[in-house]
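Participant: mind folding the following:
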Amino acid sequence: MRNRIISSTFLLALLGVVIAAAHATDAARIEALMDHARRLAGQKQFAQAANTYRRVLSIDPDHAVAYRNIWKIDRALGVPDNPALRQQLARDFGEGFFLSASEHYLILYDGRHSWADSRARTLEMAYDQFHDQMRKAGFKPVPLQHRMVCLMFNTHDDYLAYAREVDRIEHNWSSGYYSQRTNRVSFFNIHYSPQLKDTVLEIQKLENEVQRLVGEAAQDKRQQGRLNSTRARLSAHRRAYERAAAYGNIQQTIHEAAHQIAFNSGIQTRASA
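Facilitator: Got it, this is the predicted structure:
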């Protein structure tokens, strides 16, 4: 028994020495990296300085000076551009797609510019809210190393084809998803969702009926009441359709953006990174 106690005491003491040595080594590495980062910043090599501060935070996530300085660089310079990523997206998608950049995103889309602009505003709002809420909860998100990629397909079929070909998944049940493998979010325009198909058909039916009644009302004023009633029903269906599509687009954008931001802000680590 006595030998076991002595052995355990020795092991605990040895473990303490190893841990202390590791802490001392980490402290020395951190100090060297901080000195290097300060020199880089003094030489206006801010991107390299930011990467060095990231190395410090990988050793000590609670290093206050490194965390403060990396955000100073981000606020001064913004997210670094990545020409290689732009070129890769242009090669992968080519003709028929447009590429636009917001503050934190590269957005590739094949639909209306107004739709892409609206999604970009929602993505940026999600980014700001995510960081604000994470800080309030005690987390320390870090700045982006490059803009995140968002793919926006105008049609449901193109969205499904991309998900099958690139991510090997079936996404009939969802209007968007985040891929850890590619680090991209992908969406389609919910205006063309199969779930809204019945509403679209009803709108088309009412439009045809309005056109017919316009002609009849010109010949018979008694048809004016039916025309007015049909126009009112058409307007109600259009409003319901636009509300459903707008809400669906916003809700899905925010949901998937939260996953992507978490994996690109140091809150979570990608399995395939």
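Participant: going forward, measure contacts and count neighbours with C-alpha atoms only.
Facilitator: Fine.
Participant: for residue 144, see how far away residue 29 is.
Facilitator: Distance of residue 29 to residue 144, given as Cα to Cα, to the nearest Å: 24 Å.
Participant: before we move on, what about residue 187?
Facilitator: 21 Å.
Participant: can you check residue 164 too?
Facilitator: On the measure of Cα to Cα, residue 164 and residue 144 end up 28 Å apart.
Participant: those two: who's more crowded?
Facilitator: More crowded of residue 164 and residue 144, by other Cα atoms under 10 Å: residue 144, with 16 against 13.
Participant: quick one: contacts for that one?
Facilitator: When contacts are counted by Cα atoms under 8 Å, 6 or more residues apart in numbering, residue 144 is found next to 79, 104, 264-265.
Participant: and it, what are its phi and psi?
Facilitator: Main-chain dihedrals, residue 144, degrees, to the nearest 10: phi -70, psi 150.
Participant: so which residues of the protein form helices?
Facilitator: For the chain, the helices defined by DSSP state H occupy 2-42, 46-59, 64-77, 83-93, 113-136, 156-167, 197-219, 224-264.
Participant: out of those helices, which is the most enclosed?
Facilitator: Mean neighbour count (mean count of other Cα atoms under 10 Å) peaks for helix 46-59 among the helices of the chain, with a mean of 20.
Participant: how about the CA coordinates for that one, as CSV?
Facilitator: What follows is helix 46-59, C-alpha atoms only, in CSV (Å, rounded to 0.1, in the frame of the first residue of the first chain):
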residue,chain,number,x,y,z
PHE,A,46,-1.5,43.8,-41.5
ALA,A,47,-2.7,40.5,-43.1
GLN,A,48,0.4,38.7,-41.8
ALA,A,49,0.0,40.3,-38.4
ALA,A,50,-3.6,39.2,-38.2
ASN,A,51,-2.6,35.6,-39.1
THR,A,52,0.0,35.7,-36.3
TYR,A,53,-2.6,36.9,-33.8
ARG,A,54,-4.7,33.9,-34.9
ARG,A,55,-1.8,31.6,-34.0
VAL,A,56,-1.6,33.2,-30.6
LEU,A,57,-5.4,32.6,-30.1
SER,A,58,-5.0,29.0,-31.2
ILE,A,59,-2.7,28.5,-28.2
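Participant: tell me the angle it makes with helix 64-77.
Facilitator: Calculated by axes from the mean of the first three to the mean of the last three Cα atoms, to 10 degrees, helix 46-59 forms an angle of 150 degrees with helix 64-77.
Participant: what packs against helix 46-59?
Facilitator: Judged by 3 or more Cα pairs under 8 Å, 6 or more residues apart in numbering; DSSP states H and E, the packing partners of helix 46-59 are helix 2-42, helix 64-77.
Participant: quick one: mean pLDDT for the first one?
Facilitator: Pointing back at helix 2-42 there. Averaged over helix 2-42, pLDDT sits at 66.
Participant: for stretch 174-191, same thing?
Facilitator: pLDDT averaged over stretch 174-191 gives 90.
Participant: okay, buried residues for that stretch please.
Facilitator: 175-180, 183-191 (16 or more other Cα atoms under 10 Å).
Participant: and which of these is nearest residue 45?
Facilitator: residue 183 (27.1 Å; Cα to Cα).
Participant: state the phi and psi torsions of that closest one.
Facilitator: Torsion angles, degrees, to the nearest 10, at residue 183: phi 60, psi 40.
Participant: repeat for the one 10 residues further on
Facilitator: Dihedral pair for residue 193: phi -70, psi 140, per degrees, to the nearest 10.
Participant: go ahead and confirm it touches residue 156.
Facilitator: Yes - when contacts are counted by Cα atoms under 8 Å, residue 193 is listed as touching residue 156 (6.3 Å).
Participant: hey, what's in contact with both of these two?
Facilitator: Joint contacts of residue 193 and residue 156 (Cα under 8 Å, 6+ apart) do not exist.
Participant: residue 207 and residue 168, how far apart?
Facilitator: Distance from residue 207 to residue 168, by Cα to Cα: 40 Å.
Participant: before I go, just wanted to say thanks for your time.
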